Structure formats: structure tokens, C-alpha cells
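> Need coordinates for the following:
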Amino acid sequence: MKQYISENQSRFFDELFSLLRIPSVSSDPSRRDDMTACAGRLRTLLLRAGADTAEVCPTKGHPVVFASKRISDSAPTVLVYGHYDVQPAEPLHEWKSDPFEPEIRDGAIYARGANDDKGQIFMHIKAFEYLLSKGKLRHNVKFLFEGEEEISSPSLPEWIEANKERLKCDVILVSDTTMISAKVPSINCGMRGLAYMEIVVKGPSADLHSGHYGGAVANPANVLCGIIASLVDADGRVTVPGFYDDVVELSASERAMLSKAPFDEAEFAEEIGMKGVRGEKGYTCQERRSIRPCLDVNGIVGGFTAEGSKTIIPSQASAKVSMRLVPDQRCDKIAALFKEHIKNISPKDVTVDVTEHHGCNGFLIPVSSDAYKAAARAMGEVYGIEPVPSRGGGSIGILADMQTILGADPLLMGFGLERDFIHSPNESFLLDQFFKGMESIALFYEYYDRQ
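Numbering: from 1, shown residues only. Coordinates of the predicted model:
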């Protein structure tokens, strides 16, 4: 594979960059044509790589790209899942280069989607192309690339249910995650779920003069801040009643296995510009961001925020809150508990509305499976060190649905790094990780056998 990458590197960059230039932002209604264009471009690249068939399939939302290559009825079937939609690029002024004009510098590709997830799904297309061109492919391969992962895949479960016969597989192969470090490869054995909420506090019918009314009426911004401050206690625990009822507590041996991964807390904090870490008492930093649930404010708005000053009491204030969930927490139950709690603690002299935007459940996969063993062997050969099992702190909600509907486990071979700043300005993907990802994926097919 190394030689194939070297011989085709220029073409690989041209093809990947053609995807990265398309601003396929699924949350932006004005980008609908770009979403369709990106799906069409993926279809072309899949056919060019050697897929028997590739099609752009409509859904109730953005289209799905489905492609397949059949080797034989007796061969194991691998379903490659990924997504071609990306996060908004704002704030644009913080980018060092145009987010939709990819650039290679300092040994990395910089662009929105370079890592999450266009760069990582591209690795699968090229590994597939290599195996097929060299006569080494002995698996049936299917590709499912969606356009709504960044908005929690609202249309995909229904499409999968309607097409589950076409999607039958032995394993769902995914590269949409990070590993511990470039020196310590890891394979994610689970992801957290998500409940995403919005709180809106409404007070006076219009903004009020803070001199004439200050101290006499409830300030929605003050009320909102008080509500938010009360949601996590001094020990880092979420205060919503019932929040922890269904949390699966890991045994000492399970925690010990996950702790084998080397982790430098000071280095972790320094890399993200923090002076230290904090979180739930009784758990390590790594455990807090993987096997434990949490609650965070993602954004807060209220009153006057422009340049200069304007002395008002705002008529309303709002905040968006995400809760990362772990097995066996259910996103619908947590959302209901959150709504009830906010209702109970809200003062009566303001109106407080709580909206559930979206959610998903977490999942776990066994480290004893043939697919996991094949991935570990492949990555160990490429990196020169055996990968360690880890638990992802983020959420890919559709994978829990796919696991249930298709009866196959996901395998998360992610090659991103924390330094890649996915979802942030200056998203990147190290070239070394990009190339090693292709090599590892190709070797996975060599070592994977369905038992």
C-alpha cells in the first residue's frame, strides 16, 4: 500500500480536495445544492475506485450515497459507514486559510472536513481501490455515506430500515473518531449518547431601562445564569434528579484496562490552552470524557452584546445545553428528566420554555470479536505498537440504530487526533495519519475473517 500511495499521491490529493471544496454544511438550508453536489461527487469517486454500483439515494432530508462491490455469496461483507456533511466553518476570521479551499502546510491538510469526515471516508475509498486493483479484495464491500450526521442523522434510521436487506453485513467499519495519539494508536469500543436541549427564559415584553427597573423585576439573563449554575454541583455531578439512575458503573478491572492507555494530564491541558482540568469527583480525566456522563452549556445569548454599552434588562435570554450520555442512559428519558427539573426550579415570575432539539443513545462493542482482532493486528503492524481499547467521548448516534436494525457491530478505526480541532477553525488531518489510515484499513481486510 505504501508504494501505491506514493505512486498516486498527487491524484489522491486532487480527488480529496474536490470533495473538501464543496461546502456541504447540512445545517444550512442554503447549502442544499452543495449537499447534492457532494453526494454526486462521492458517487463518481466510488465508481472510479471500482464499485459495481453507486447511487445517490433520496431521503426525507439530504441524500445518502450507497455503493457496493460483490465478490461472492460466501465472502464476509463489510459495510463502510461515514458522512459527507460538515460543521459550519464560522467564525471565519479565525481560520488561517479558506476553510473550503484545502491547503497543505506543516505536514497536514487544512480544510473543513479534512478529518471529520471527508478525509477519513476517503481513506476507505482508496484502500478499497488499492485492494481491488491488486486483485487482493476477498470481501464484499458496501459503502453508506450520509449527509446528516452533523445534525444527528434524522432521516437515516428510516432509510436503513427500508433498505436493511441491501445493507446486510457482518461488520460496520467506521472511521469518524480520534485515537489517543500518533504514538499510541487506539480503537474505540464505544461512544457516548447525547441529549441536546435549549432553555429560553422570557421576562418583560420588551427590553427595559436597567436604571428605571433594575432591582425591581426579574432579569431573564440573571435567572438563566442561576439555572445553569445549579445544574452541576461542586463535585462535578449533574443535579438533575434521576440523571445517574441508569448509568452502568464499570468494574475495577474494566477501569484498569482502559487506564492502560498512556495519558499526560498536564500535556492534555496545555494542548487546549487550559491551566488544568476539572470534572466529576472520583474519576480520572480520561474517565470523565469517556465512561461518565456530563452536562455542558454550548452557547448562551441574552441582551446587548455589540460594541459599546447599552444599559438594559433583556426581555429574554437563552442557552443551549448538551448532555453526553453513557450506557444504559436513554436520550428520551434524560430529556424528559431535564425538562421536568428545569420546570421545578424555575421562578414563577418569568416564563421558562425547554425544547429538545435532538438526541441519540450510546453503544458498546466487544473487544473479543474477529473484526476487532483484525483491526488491532492491522494497526499494530502499521504503527509498530499494539493499539489499546478506548471509549469515545463524542457521539455518532446512528451507529446505535444501525447496530439494532442490521444486527451487526460497528468497528471504529478512527485516525484523527485531538490536535486536528474538528468542529473548530483550522480543522486539519496529519498526512502521516492519513496515509497510515489507508495502510491500516487495507490490512484490516487482509486479516478479517468472519467466523
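> right, and residue 21 touches residue 102 too?
Yes. Judged on C-beta atoms under 8 Å, residue 21 makes contact with residue 102 at a distance of 6.9 Å. C-beta: built from backbone N, CA, C; applies to glycine.
> Neighbour count for those two, which is higher?
Per other C-beta atoms under 10 Å, whichever of residue 21 and residue 102 has more neighbours is residue 102, with 24 against 17.
> Please identify the helix or strand for residue 338.
Taking DSSP states H and E as the criterion, residue 338 maps to helix 331-345.
> Restrict the helix or strand bottoming out on mean pLDDT in the chain to CA atoms and write it as PDB.
The helix or strand of the chain with the lowest confidence, counting by mean pLDDT, DSSP states H and E, is helix 252-258 at a mean of 82. Extracted C-alpha coordinates of helix 252-258, given in PDB (Å, rounded to 0.1, in the frame of the first residue of the first chain):
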ATOM      1  CA  ALA A 252     -12.300  -2.000  38.800                       C
ATOM      2  CA  SER A 253     -10.900  -4.400  36.200                       C
ATOM      3  CA  GLU A 254     -12.600  -2.700  33.400                       C
ATOM      4  CA  ARG A 255     -11.400   0.700  34.600                       C
ATOM      5  CA  ALA A 256      -7.900  -0.700  34.900                       C
ATOM      6  CA  MET A 257      -8.000  -2.000  31.300                       C
ATOM      7  CA  LEU A 258      -9.000   1.500  30.000                       C
END
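> Summarise which helices and strands it is packed against.
With contacts taken as 3 or more C-beta pairs under 8 Å, 6 or more residues apart in numbering; DSSP states H and E, helix 252-258 sits against helix 285-288, strand 388-392.
> can you tell which of these is closest to residue 212?
Nearest of those to residue 212, taken as C-beta to C-beta: helix 285-288 at 45.7 Å.
> what separates that closest one from the chain centre, distance-wise?
Remark: helix 285-288 is offset 18 Å from the chain centroid, using C-alpha atoms, centre = their mean, to the nearest Å.
> State the number of residues packed around the nearest residue to residue 179 once chain neighbours are set aside.
Take residue 179 and drop its neighbours on the chain: the residue closest to it by C-beta to C-beta, 6 or more residues apart in numbering is residue 186, 4.5 Å away. Counted with other C-beta under 10 Å, residues neighbouring residue 186 total 22.
> Can you mark which positions in stretch 59-75 are buried?
59, 61, 62, 63, 64, 65, 66, 67, 68, 69, 75 (16 or more other C-beta atoms under 10 Å).
> Give me the contacts around stretch 145-152.
The set of residues external to stretch 145-152 that reach it, using C-beta atoms under 8 Å, 6 or more residues apart in numbering, is 24-27, 35, 38-39, 42, 59, 61-66, 81-87, 117, 121, 153-156, 176, 194, 196, 358-360, 396-398.
> List buried residues within these.
Among the contacts of stretch 145-152, the ones that count as buried by 16+ other C-beta under 10 Å are 24-26, 35, 38-39, 42, 59, 61-66, 81-87, 117, 121, 153-156, 176, 194, 196, 358-360, 396-398.
> and the next element down the chain from the least confident helix or strand of the chain?
Downstream of helix 252-258, the first helix or strand assigned by DSSP H and E is helix 265-271.
> List the contacts of that following helix.
Contacts with helix 265-271, where a contact means C-beta under 8 Å, 6+ apart, come from 275, 276, 277, 285, 418, 419.
> tell me the contacts of the first one?
The contact partners of residue 275, by C-beta under 8 Å, 6+ apart, come to residue 269.
> May I have the phi/psi pair for it?
Residue 275 has phi and psi values of phi -90, psi -10 when expressed as degrees, to the nearest 10.
> I'd like to know how far it sits from residue 32.
43 Å (C-beta to C-beta, to the nearest Å).
> okay, now the domains of the protein?
Domain assignment for the chain, taken from automatic domain parsing, gives 2-191+362-447, 193-247+293-359.
> Show me how far the longest one is from its chain's centre.
In terms of C-alpha atoms, centre = their mean, the centre of domain 2-191+362-447 is found 11 Å from the chain centre.
> do the shortest one as well
Counting by C-alpha atoms, centre = their mean, domain 193-247+293-359 is centred 24 Å from the centre of its parent chain.
> start at 210 instead
Okay, residue one is now 210; in that scheme the one you just asked about reads as domain 402-456+502-568.
> what comes up buried for stretch 609-616?
Result for stretch 609-616 [16+ other C-beta under 10 Å]: buried residues 609, 610, 611, 612, 615.
> Among those residues, which lie within helices?
Among those, the members found in helices (DSSP state H) are 609, 610, 611, 612, 615.
> Can you redo these as JSON lines, where the extra columns are distance to residue 317 and pLDDT?
Converted to JSON lines, these look like this (distance: C-beta to C-beta, whole Å; pLDDT from 0 to 100):
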{"residue": "609", "distance to residue 317": "31", "pLDDT": "88"}
{"residue": "610", "distance to residue 317": "33", "pLDDT": "92"}
{"residue": "611", "distance to residue 317": "31", "pLDDT": "95"}
{"residue": "612", "distance to residue 317": "32", "pLDDT": "93"}
{"residue": "615", "distance to residue 317": "34", "pLDDT": "97"}
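> between these, which is closest to residue 453?
Nearest to residue 453 among those, with distances taken as C-beta to C-beta, is residue 609, at 20.0 Å.
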